[in-house]
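> Any chance you could fold what I've pasted below:
(one chain, ligands or ions: 1)
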Amino acid sequence: MDKHPVNHYKYCPRCAAKGIFNAHELAFKCNACGFEFYINASAAVAALIENDRGELLLARRGVNPHKGKLDLPGGFVDALESAEQAVMREIKEELDVEPDRIEYFGSFPNEYDFSGTIVYTVDLAFKCTVSNFSTLKYRDDIEGIVFIKPEKIDFGEVAFHSIKKIIQKFQNEQHNRK
Ligand SMILES: [Zn+2]
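Purely as a prediction, here's the structure:
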């Protein structure tokens, strides 16, 4: 089945009448009660964390989509949360370490295949400085953690388009620094 949201938003979430979904605008309108909503990009965060050998921390995904592939630590921004709060929270939850400093790196759009439909996201990447890795562990939705020299990362192993783009930009910046 086509995973485009146009195929999945048919009924009004407020009154349950059949509605009209405009695929071009990604907009839903209910003619019965007037309820409207737009499918906007959901904000997510991704963390670039290096160790003192200049290797980048990557998490091997323990859940679908892309179970077994490499990903940057991160996740969705909660309602009423800032992106900065979200990246600090996700790193603490996923890895049990606390960054000393975070620095905004850029934003990268993505299509996230979740429960049979496409969720549009914008991944906000942050460079995160962690000086103390002694408490490092990982939670159940991660199979393992690896540290890899950025230039040695195999993009065939990386889960998402946006994460590849983040790592590419990071590689380029590192290359230009040398
Ligand atoms: Zn309605």
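> just checking, what packs against the host helix or strand of residue 173?
Here residue 173 is covered by helix 161-177, with elements defined by DSSP states H and E. With contacts defined as 3 or more C-beta pairs under 8 Å, 6 or more residues apart in numbering; DSSP states H and E, helix 161-177 has these neighbours: strand 42-49, strand 101-114, strand 117-129. C-beta coordinates here come from the backbone N, C-alpha and C atoms, glycine included.
> and the residue nearest to residue 14 when sequence neighbours are not counted, what pLDDT?
Excluding the flanking residues, the one nearest residue 14 by C-beta to C-beta, 6 or more residues apart in numbering is residue 35, at 4.4 Å. Looking at residue 35, its pLDDT is 98.
> and the closest residue to residue 53 other than its chain neighbours, how many residues sit next to it?
Counting by C-beta to C-beta, 6+ apart, residue 53 lies nearest to residue 147, which is 7.3 Å off, once chain neighbours are set aside. Neighbourhood size, residue 147 [other C-beta atoms under 10 Å]: 14.
> give the contact list for residue 147.
Applying C-beta atoms under 8 Å, 6 or more residues apart in numbering, we find residue 147 in contact with 51, 53, 55-58.
> Buried ones from the residues you listed, can you make that a PyMOL selection?
Remark: buried members of the contacts of residue 147, expressed as a PyMOL selection using 16 or more other C-beta atoms under 10 Å:
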select buried, resi 55+56+57+58
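> Nearest to the ion among the contacts of residue 147?
The ion lies nearest to residue 58 out of the contacts of residue 147, by C-beta to the ion, at 44.2 Å.
> what residues are up against that closest one?
70-72, 145-148, 153, 158.
> Which of those fall within helices?
Assigned to helices by DSSP state H, none of these qualify.
> so which of those residues comes closest to the ion?
So of the contacts of residue 58, ranked by how close each gets to the ion (C-beta to the ion), first place is residue 71, at 37.6 Å.
> Enumerate the beta-bridge partners assigned to that closest one.
Under DSSP bridges, the beta-bridge partners of residue 71 are residue 59.
> do you know how far residue 150 is from residue 75?
Between residue 150 and residue 75 the distance is 22 Å, computed by C-beta to C-beta, to the nearest Å.
> what do you get for residue 88?
12 Å.
> now swap in residue 22 and tell me
On the measure of C-beta to C-beta, residue 22 and residue 75 end up 30 Å apart.
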